Structure formats: structure tokens, C-alpha cells
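Peer 1: sharing a model that was predicted from the sequence below.
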Amino acid sequence: MTHQLGEKEIAGDILSGFKLNAAGYLQAIMEAQDPEIRQTFIDYQCQCLDSQEKIFRYMQEQGWYKVPMNHETMG
């Protein structure tokens, strides 16, 4: 029996991928010695963050992603 992924699961996987990519780009930025390569990684990370925000907002609109509120840090 095969299980097909729904839109929610696919969006969640995409979001997780963007989070992983953003962390990888940060590591590359911090270790790049060549200024042009460093800037390229910064550009890629910005594109990744923009895409991550789009999928995050989409998931929020669908009610699939709720950010937990920590009352101790608010106020």
C-alpha cells in the first residue's frame, strides 16, 4: 500500500529543506575566504530566506503552521 503525501506534508518538507539550506549557507558564508564567493553565498542565503518566508506564510494561512508563544519572553 502506498501513501501519498498531501499538500501539508509536502509544504512541511519544503520548509524543512529551506531551514537546512539557510544553515548551510550561513556556515559557508562564515568560512568563505574569497570575498566574491562569500557574497555569492550571502546572495543565495537571502534568496533561500525569501523563499522560506513564502512557504511559511502559506502554511500559516492554511492553519498548518502555528508559532508557539512563549509567555516568559513576551512583555
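Peer 2: Good, I have the coordinates.

Peer 1: and the helix or strand containing Ala23, how far from the chain's centre?
Peer 2: When secondary structure is defined by DSSP states H and E, Ala23 falls within helix 7-31. Centroid separation for helix 7-31 versus its chain: 4 Å, with C-alpha atoms, centre = their mean, to the nearest Å.

Peer 1: now do the buried residues in that helix.
Peer 2: Ala11, Gly12, Ile14, Leu15, Phe18, Asn21, Ala22, Tyr25, Ala28, Ile29 (16 or more other C-beta atoms under 10 Å). For every residue, glycine as well, the C-beta is placed using N, CA and C.

Peer 1: how many neighbours does Gln62 have?
Peer 2: Each residue near Gln62 was counted by other C-beta atoms under 10 Å, and the total is 11.

Peer 1: now it, nearest residue through space, not along the chain?
Peer 2: Leaving aside its chain neighbours, Gln62 sits nearest to Lys8 (7.1 Å; criterion: C-beta to C-beta, 6 or more residues apart in numbering).

Peer 1: pretty sure that neighbour contacts Gly63?
Peer 2: No - using C-beta atoms under 8 Å, Lys8 makes no contact with Gly63, being 9.4 Å away.

Peer 1: quickly list what's touching both of these two.
Peer 2: Counting by C-beta atoms under 8 Å, 6 or more residues apart in numbering, no residue touches both Lys8 and Gly63.

Peer 1: quick check: pLDDT value at the residue nearest to Gln62.
Peer 2: Turning to Lys8, the model gives it a pLDDT of 95.

Peer 1: contacting residues for it?
Peer 2: Residues in contact with Lys8 (C-beta under 8 Å, 6+ apart) are Met59, Gln62, Trp64.

Peer 1: ok, now with 10 Å
Peer 2: Counting by C-beta atoms under 10 Å, 6 or more residues apart in numbering, Lys8 makes contact with Met59, Gln62, Gly63, Trp64, Tyr65.

Peer 1: cool, Gln27 as well?
Peer 2: Phe41.

Peer 1: could we number from 725 for the rest of this?
Peer 2: Fine by me, first position is 725 from now on; the one you just mentioned is Gln751.
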